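In: Next comes the sequence, and after it the predicted model I'd like to discuss.
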Amino acid sequence: MRRGLATAAAATLVLLLAVPAGRADGTPTAPSSPAVSPPRSLVVALALQDPLLQAGVVRGREVILARGFEVELARILARRLGGRVERFVHVPSATRLLASNAPGWQLALGGIERSRGVRAAAELSDSYLTTDVVVVAGRGLQRPRRLADLRRTRLCAVRGGDGAGAAARVGPRTPPLLVAGPERLLQLVRTGVCDAALVPATEAGRFVRDGGRGLGPVVGRIARDDGLGAVVPHGSGLDVRAVDRELGRLRRDGTLGRLARTWLGLDPAALRVLR
């Protein structure tokens, strides 16, 4: 009898150990293969779509003089994973970053929102930068504390952007004014035509810097339940859970916030969420 119970317990333990672990956000991961050491030298793909996130000179396929928020994040991640960035390569399309079965790189950062989800050829890491919408007040606006306070204001945003979507979510009594680009948006807020601008998190620091004294305070952010994630192709030698683990440490020790302040002008994750 005891031998039978011991055998059953051992079988149960084997089954429990076979259950795949989940991601930090609750998303289940695929069953993992036997643990392997991550590559010591990483080839990192960049999209070069936003000069604050990543910029550089393209020579052939290689990116030289690479710099920016995501570039420095890639270097720090590589060190935390026990290696270094060997070189950066240019892959201009987010679709190609997610779809290639044999990309020739182990990690990619290209301003890709996690809402794109897991693809057949790659996985997206946990978020390293929020894509919430930042509320930048005009000089005469009393600081709003809740989303309801914004309903009595004249909001402005770039047409077709995340700010326009956030304005629709707020539901202001006066229809939001949607403009063609950030330059026009800045002009209307500085001249008092708009009470507040709704600006994507990655652009908010640049917007405030360009506005100078003509703007009021950054009053908070409107949550979008999304964020930018790193692309880890299947078979690259990297485990996306290891990337997630290091991103969590970088968040807790303040490294991500420091990078955001250095390259973007502000840390959107430090702003209060307006509810």
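Out: It's in. Numbering: from 1, shown residues only.
In: Can you tell me the SS state at residue 183?
Out: helix (DSSP: H, G, I helix; E, B strand; the rest coil).
In: and it, how many neighbours?
Out: Counted with other C-beta atoms under 10 Å, the neighbours of residue 183 add up to 10. Any C-beta I mention is one placed from the backbone N, CA and C, and that applies to glycine too.
In: all helices of the stretch 151-275 of the chain, in order?
Out: Taking DSSP state H, counting those that start in this stretch to define them, one finds helices in the stretch 151-275 of the chain at 162-170, 182-190, 201-211, 240-252, 255-264.
In: Adding mean pLDDT, write those helices out as a markdown table.
Out: As requested, those are exported to a markdown table (pLDDT from 0 to 100):
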| stretch | mean pLDDT |
| --- | --- |
| helix 162-170 | 94 |
| helix 182-190 | 96 |
| helix 201-211 | 94 |
| helix 240-252 | 97 |
| helix 255-264 | 97 |
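In: Mind putting these into TSV with distance to residue 117?
Out: What follows is those, written out as TSV (distance: least, C-beta to C-beta, whole Å):
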stretch	distance to residue 117
helix 162-170	18
helix 182-190	29
helix 201-211	20
helix 240-252	13
helix 255-264	22
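In: can you tell which of these is closest to residue 275?
Out: With C-beta to C-beta as the criterion, residue 275 lies closest to helix 162-170 of the helices of the stretch 151-275 of the chain, at 11.4 Å.
In: so what secondary structure elements neighbour the closest one?
Out: When contacts are defined as 3 or more C-beta pairs under 8 Å, 6 or more residues apart in numbering; DSSP states H and E, helix 162-170 packs onto strand 133-138, helix 147-150, strand 155-158, strand 196-200, strand 215-222.
In: CA-only coordinates of the fourth one in CSV, if you can.
Out: What that stands for is strand 196-200. Extracted C-alpha coordinates of strand 196-200, given in CSV (Å, rounded to 0.1, in the frame of the first residue of the first chain):
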residue,chain,number,x,y,z
ALA,A,196,-4.9,70.8,-22.4
ALA,A,197,-3.1,68.6,-24.9
LEU,A,198,-3.3,64.8,-24.9
VAL,A,199,0.1,63.6,-26.0
PRO,A,200,1.5,60.0,-26.4
